[in-house]
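Peer 1: Sequence first, then the predicted structure, then my questions.
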Amino acid sequence: MFKTKFHKLMKRFLTGMLCAGILTSEPAVTYAAETSATPEAGHSETYSQASDIDSVKGWPTGPNIEGQSAVLMDAVTDTILYSKNAKDKLYPASITKIMTALLACEYLNMDDTITMSQEAAYGIEAGSSSIYAETGEVFTVEQALMALMLESANECANAIAEHISGSTEEFANLMNQRAALAEKTSGSVKKFVELMNQRAAQLGCKNTHFNNPNGLPDETHYTTAGDMMKIAKAAWYNPRFRKFVTTQVYEIPPTNKQSETRYLLNHHKMMPGQSYAYDGVLGGKTGYTDAAGSTLVTYAKRGNSILIAVVLNSTNGAFPDTTSLLDYGFDNFEKVDLN
């Protein structure tokens, strides 16, 4: 019954263009640190914390989730459907690679080749995600991006960063940056990080600072669920990028350094055939470090609705949290056109 009444209300809100400011701007935030509620047994400290927009009259109550911070958005209308601690600065872990991939997709030729430097191959944390690329190994840009997004290969993040930052002049022209960026230098991860932060600022991110292209732990590398949503949406609307988050299996044939085919598998467990398979999930990017907890960006589509979910610092796993958010979004909202 509530759903029917709410859909009538939504005719005033969700159309091809939005009519209410509360939906197009970031809602007021109640930070996790400000809550004093006693944690429920077996749950995170913020599990029972209400959505920041539950107070809107007629708005359906959002689900309880383990994640400290989360945002759910309708990507067609830019409607924020759910928001929890959206401005908390947290570690993103490997969902950082969405920005790395977006920059590569915006101006690199997918058939170009990338040669793995020794610094890229071995300048990553021991035991972290990798396809064990070797110094001097040659990949196409597409292969490196598939390794980046499916297997979360940290050395490929470094190699892509070096490759892009070696073309600073081209980047400046394409991204309409100031002339200072046009100075040609040798490729470096540090210079690429500057480009990451500039692109984040262009997208309206005000509480994000990247310090590497892969998301490995760094106290000066952080974002928010609200900012990550801006990046995730911009990436989704890049047709090249969509290929890399929606592919489930990919093969890299033998290279100049590797005689065996590499088989890459998308680790987003909500995709078809995986352990948390969810109807409508198209893909996304996972992340985890001890410092960041579980982080997850997910893209899902049903009918004429495309939902994006961002979850940060989920202690018991971001897949159940995302399932709850998508259930909430698809069950309670629909986009209607006003005649």
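Peer 2: That came through fine.

Peer 1: so Thr295 makes contact with Leu312?
Peer 2: Yes. With contact defined as C-beta atoms under 8 Å, Thr295 and Leu312 form a contacting pair (5.2 Å). In short, each C-beta sits where N, CA and C put it, glycine included.

Peer 1: Can you check which residues contact both of those two?
Peer 2: Taking C-beta atoms under 8 Å, 6 or more residues apart in numbering as the contact rule, Thr295 and Leu312 both touch Tyr91, Pro92.

Peer 1: And the two? Which one has more around it.
Peer 2: Counted by other C-beta atoms under 10 Å, Thr295 and Leu312 do not tie: Leu312 has more neighbours, with 33 against 29.

Peer 1: Contact partners for that one?
Peer 2: With contacts defined as C-beta under 8 Å, 6+ apart, Leu312 is in contact with 67-70, 88, 90-92, 223-225, 228, 292-293, 295.

Peer 1: May I see the PyMOL selection of the buried members of those?
Peer 2: Typed into PyMOL, the line below selects the buried ones among those, using 16 or more other C-beta atoms under 10 Å:
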select buried, resi 67+68+69+70+88+90+91+92+223+224+225+228+292+293+295
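
Peer 1: Mind checking which of the contacts of Leu312 land in helices?
Peer 2: Among these, the members falling in helices (DSSP state H) are Ala225, Met228.

Peer 1: Could you list which of the contacts of Leu312 belong to strands?
Peer 2: Ser69, Ala70, Gly293, Thr295 (DSSP state E).

Peer 1: Quick check, pLDDT for the second one.
Peer 2: I take that to be Ala70. pLDDT for Ala70: 98.

Peer 1: can you check the last one too?
Peer 2: In the predicted model, Thr295 carries a pLDDT score of 98.

Peer 1: nearest spatial neighbour of it, skipping sequence neighbours?
Peer 2: Gly287 (3.8 Å; C-beta to C-beta, 6 or more residues apart in numbering).

Peer 1: what is the mean pLDDT for the helix or strand hosting the one you found?
Peer 2: Taking DSSP states H and E as the definition, one finds Gly287 inside strand 281-289. Average pLDDT, strand 281-289: 97.

Peer 1: Okay, buried residues for stretch 113-124 please.
Peer 2: Neighbour count says stretch 113-124 has Ile114, Met116, Ser117, Ala120, Ala121, Ile124 buried, by 16+ other C-beta under 10 Å.

Peer 1: Let me have these in a markdown table, adding pLDDT and distance to Gly62 as columns.
Peer 2: Shown next, in a markdown table, are those (pLDDT from 0 to 100; distance: C-beta to C-beta, whole Å):
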| residue | pLDDT | distance to Gly62 |
| --- | --- | --- |
| Ile114 | 96 | 42 |
| Met116 | 97 | 44 |
| Ser117 | 95 | 46 |
| Ala120 | 94 | 42 |
| Ala121 | 94 | 44 |
| Ile124 | 90 | 37 |
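
Peer 1: where in the stretch 201-339 of the chain is pLDDT low?
Peer 2: 338-339 (pLDDT under 70).

Peer 1: Enumerate every residue touching the nearest residue to Ser152 once chain neighbours are set aside.
Peer 2: Nearest non-adjacent residue to Ser152, counting by C-beta to C-beta, 6+ apart: Ser129, 4.0 Å away. Residues in contact with Ser129 (C-beta under 8 Å, 6+ apart) are Ser94, Glu151, Ser152, Ala153, Asn154.

Peer 1: you'd agree the first one is in a strand?
Peer 2: No. Ser94: not assigned to a strand; according to DSSP: H, G, I helix; E, B strand; the rest coil it is helix.

Peer 1: what's around it, how many residues?
Peer 2: Neighbours of Ser94 using other C-beta under 10 Å come to 28.

Peer 1: Now do the same contact list for the closest residue to it other than its chain neighbours.
Peer 2: With sequence-adjacent residues excluded and distances taken as C-beta to C-beta, 6+ apart, Ser94 is closest to Gly287, at 3.7 Å. By C-beta under 8 Å, 6+ apart, Gly287 lies in contact with Pro92, Ala93, Ser94, Ile95, Thr96, Ser152, Gly215, Ser294, Thr295, Leu296.

Peer 1: will you turn those into JSON lines that also has distance to Asn332?
Peer 2: What follows is the contacts of Gly287, written out as JSON lines (distance: C-beta to C-beta, whole Å):
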{"residue": "Pro92", "distance to Asn332": "28"}
{"residue": "Ala93", "distance to Asn332": "29"}
{"residue": "Ser94", "distance to Asn332": "30"}
{"residue": "Ile95", "distance to Asn332": "25"}
{"residue": "Thr96", "distance to Asn332": "31"}
{"residue": "Ser152", "distance to Asn332": "32"}
{"residue": "Gly215", "distance to Asn332": "32"}
{"residue": "Ser294", "distance to Asn332": "25"}
{"residue": "Thr295", "distance to Asn332": "25"}
{"residue": "Leu296", "distance to Asn332": "21"}
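
Peer 1: Which one of those residues is nearest to Met110?
Peer 2: Closest approach to Met110 among the contacts of Gly287 (C-beta to C-beta): Ser152, at 19.4 Å.
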